[in-house]
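Visitor: Okay, sequence plus prediction incoming.
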Amino acid sequence: MSLITPDFGLFFWMAVVFFIVLAILWKWGFPVIVKMTNDRKAYIDDSLRKAHEANERLANIQKEGESILQEARERQAQILKEATETRDAIVEKAQDKAKDESARLLDDAKAEIESEKQNAIRDIRSQVAELSIQIAEKILREKLSKDSAQMDMIDKLLDEVSVDKMTN
């Protein structure tokens, strides 16, 4: 016999062992592998769905932030307009009193104008501080627009959703 061609008996027993191993794998091995593959596919599909939901929530949060910022800007403009109207009214009133009343009343009116002006400035400063906080909030949201920050946020949201589903 040659070293290259196997003996018929060896070939026969190799074929018998091959078919036995194939039958065992077919009976017990392949169903387990297919089940694991299907479970993994279901897990991945569920994760993709949750990631999509997280992206939608993030988009909604960003829209709400933009609307809040726009509303704050409108409130600031309205407050500035009212402060300007108030200041103008006080100045006009003080000028009328100055013409009609003595120098003492003029000094009192100037003190009152200064007080109202300081109050208006304090109000404006508080509104500017509030707007600054809102701008900082928007900047943080923009920082989360990067893929890595989004992925961190998505992972966190997915963990929270997973925990919520497990408790329900």
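Guide: Great, that's in hand. Treat the numbers as computed from the prediction; the structure is a model and nothing was measured. Numbers count the residues shown, from 1 in each chain.
Visitor: Next, work out how far apart V34 and I44 are.
Guide: 16 Å (Cβ to Cβ, to the nearest Å). The C-beta positions use only the backbone N, C-alpha and C, and glycine is treated the same way.
Visitor: hmm, I was thinking of K27
Guide: Distance from K27 to I44, by Cβ to Cβ: 28 Å.
Visitor: now D107
Guide: D107 sits at a distance of 80 Å from I44 (criterion: Cβ to Cβ).
Visitor: got it, and V16?
Guide: Note on V16: its distance to I44, by Cβ to Cβ, is 40 Å.
Visitor: which SSE is the residue nearest the centre of the chain in?
Guide: By Cα atoms, centre = their mean, the mean C-alpha position of the chain lies nearest to L58, the distance being 4.3 Å. L58 is part of helix 30-100, with elements assigned from DSSP states H and E.
Visitor: who does that helix touch, helix- and strand-wise?
Guide: helix 103-143, helix 147-167 (3 or more Cβ pairs under 8 Å, 6 or more residues apart in numbering; DSSP states H and E).
Visitor: Make JSON lines from those and add mean pLDDT and mean neighbour count to it.
Guide: Converted to JSON lines, those look like this (pLDDT from 0 to 100; neighbours: other Cβ atoms under 10 Å):
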{"stretch": "helix 103-143", "mean pLDDT": "80", "mean neighbour count": "13"}
{"stretch": "helix 147-167", "mean pLDDT": "74", "mean neighbour count": "12"}
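Visitor: Quick one: closest of those to F12.
Guide: helix 147-167 (54.9 Å; Cβ to Cβ).
Visitor: That's all I had, so thanks and see you.
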